[in-house]
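Q: With the input below, show me the fold.
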Amino acid sequence: MVSGTDQAESRLSPRAVTWAGLVGNVVLSAAKMAAGVVFASQAILADGLHSLSDCATDIAVLAGLRISRRPADESHLYGHRRAVTLVTAVLGLVLLTAAALVGAQAILTFAEKHPDGIRPAVPLAMAIASVVIKEAMYRVTLRVGRKAGDMSLVANAWHHRSDAFSSIAAAAGLTAVLIGGPKWQFMDHATALVLASFLIVVAVQILRQAVQELMDRAPDAEVMVRIRDAVSATEGVQDFHAVRARRLGSKVEMDVHVLVDPDLTVAEGHDIATNVHDAVVACCPFVLNVVVHIEPTDADD
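A: Just a heads-up that it's a prediction; the model follows:
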């Protein structure tokens, strides 16, 4: 049975879920920064600034989605799908930089105390609410991104989770203030340092995936097996070789050399090529382009 949440997620497009994230980040950042100013909490103010930075990544993803849908033109004969890969790399760099800054700030200010005038109750409630909201945004965005095969959306999902981690660190520090006063403030910095280390690992993984795609890395082995099975099962295909495939944004493009009966007419060979194309797309709908080279079977080979 499909739950209501799953049905709602299935109706969300990458663009819709990113717009929802942008609106959520604007509201959260404004609320947390206001709480930081009113209640003299540096922790929740910094957390609000982190949410504000997520607005920039949402805008970058929306721009990438828009550009990637542009058709091919005289200057971009293969289309603009690499825009998503480029945005993914930028988001990875932003996440890496933010994590490094959070870690450095935690180390440099490890012994510092919050101002005596801090009132932690409302900022703490705000931080806890932010954890719940941002974790939900992470899960929905990640599922939509994986379903669409969109690396930029997956990277943006991790930005949502990084904000949730930032809120956890803020909540830890504010809880220490609420319970033990300034002497427990080291917990805030220690938590931030651990989370920053984790986020650095995630950022490196995102960058690695983007670079591999820019280097025309082949799809997963399971996808290649499905493609080969579809080609070999096509009627009229006696053999095939030189199968090549590469990721292109959220899609895959490929080419293959198919060997057929040398006595076939050009029209019959063309029909087999069309059938190979249709078979590959049927088994792997994310394959954007299939170039089929028809070759005669060499009896002596």
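Q: How about the contacts made by Ala170?
A: By C-beta atoms under 8 Å, 6 or more residues apart in numbering, the contact list for Ala170 reads Ala43, Ile44, Ala46, Asp47, Pro123, Ala127, Asp188. Where you see a C-beta, it was placed from the backbone N, CA and C, and this is true even at glycine.
Q: Distance-wise, check it relative to Thr274.
A: Separation of Ala170 from Thr274 (C-beta to C-beta, to the nearest Å): 59 Å.
Q: Could you do Ala72 as well?
A: Per C-beta to C-beta, Ala72 is found 21 Å from Thr274.
Q: Then Glu268?
A: 11 Å.
Q: same deal with Ala196?
A: Following C-beta to C-beta, the distance that separates Ala196 from Thr274 is 53 Å.
Q: Which one's more surrounded, the two?
A: Neighbours per residue (other C-beta atoms under 10 Å) separate Ala196 from Thr274, with Ala196 holding more: 23 against 13.
Q: For the closest residue to the more buried one other than its chain neighbours, give me phi and psi.
A: Nearest in space to Ala196, with sequence neighbours left out and distances taken as C-beta to C-beta, 6 or more residues apart in numbering, is Gly103 at 3.4 Å. Per-residue torsions, Gly103: phi -60, psi -40 (degrees, to the nearest 10).
Q: Am I right that Gly103 is in contact with Ala190?
A: No: the criterion here is C-beta atoms under 8 Å, and Gly103 misses it with Ala190 at 11.2 Å.
Q: and Pro71, which of the three is it?
A: Assigned with DSSP: H, G, I helix; E, B strand; the rest coil, Pro71 falls in the coil class.
Q: What is the burial count for it?
A: Look at Pro71: counted by other C-beta under 10 Å, it has 7 neighbours.
Q: ditto for Thr97
A: Neighbours of Thr97 under the rule other C-beta under 10 Å: 13.
Q: Secondary structure element holding it?
A: Taking DSSP states H and E as the criterion, Thr97 maps to helix 82-108.
Q: ok, now Asn289?
A: strand 287-296.
Q: Name the nearest residue to the spatially most central residue of the chain, ignoring sequence neighbours.
A: By C-alpha atoms, centre = their mean, the chain has its centre lying nearest to Val154, at 1.8 Å. Nearest residue to Val154, sequence neighbours excluded (C-beta to C-beta, 6+ apart): Gly145, at 4.1 Å.
Q: Would you agree the one you found is in contact with Arg15?
A: No: look at Gly145 against Arg15 with C-beta under 8 Å: they stay out of range, at 11.8 Å.
Q: ok, these two, which is more surrounded?
A: Gly145 (23 against 15).
Q: residues in contact with the more buried one?
A: Shown here is Gly145, whose contacts under the criterion C-beta under 8 Å, 6+ apart are Pro14, Met151, Ser152, Leu153, Val154, Asn156, Ala157.
Q: In a markdown table, list those along with pLDDT and distance to His257.
A: As requested, these are arranged in a markdown table below (pLDDT from 0 to 100; distance: C-beta to C-beta, whole Å):
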| residue | pLDDT | distance to His257 |
| --- | --- | --- |
| Pro14 | 87 | 34 |
| Met151 | 73 | 29 |
| Ser152 | 76 | 33 |
| Leu153 | 86 | 35 |
| Val154 | 85 | 33 |
| Asn156 | 85 | 39 |
| Ala157 | 90 | 39 |
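Q: can you tell me how far Lys251 sits from Arg217?
A: Lys251 sits at a distance of 14 Å from Arg217 (criterion: C-beta to C-beta).
Q: Looking at the two, which one has more neighbours?
A: More crowded of Lys251 and Arg217, by other C-beta under 10 Å: Lys251, with 19 against 13.
Q: any chance you could map the helices in the stretch 101-250 of the chain?
A: Under the criterion DSSP state H, counting those that start in this stretch, the stretch 101-250 of the chain contains helices at 121-148, 151-180, 186-214, 221-232.
Q: From the chain's centroid, how far away is the first one?
A: Right, helix 121-148. 15 Å (C-alpha atoms, centre = their mean, to the nearest Å).
Q: next one: the longest one
A: Here helix 151-180 shows a centroid-to-chain-centroid distance of 18 Å under the convention C-alpha atoms, centre = their mean.
Q: Strictly from the record, what residue spans define the domains of this structure?
A: 4-214, 221-296 (automatic domain parsing).
Q: what's the most buried one of those?
A: Among those, domain 4-214 has the highest mean neighbour count (mean count of other C-beta atoms under 10 Å), at a mean of 19.
Q: lowest confidence element among the helices and strands of the chain?
A: The weakest-scoring helix or strand in the chain, judged by mean pLDDT, DSSP states H and E, is helix 4-11 (a mean of 53).
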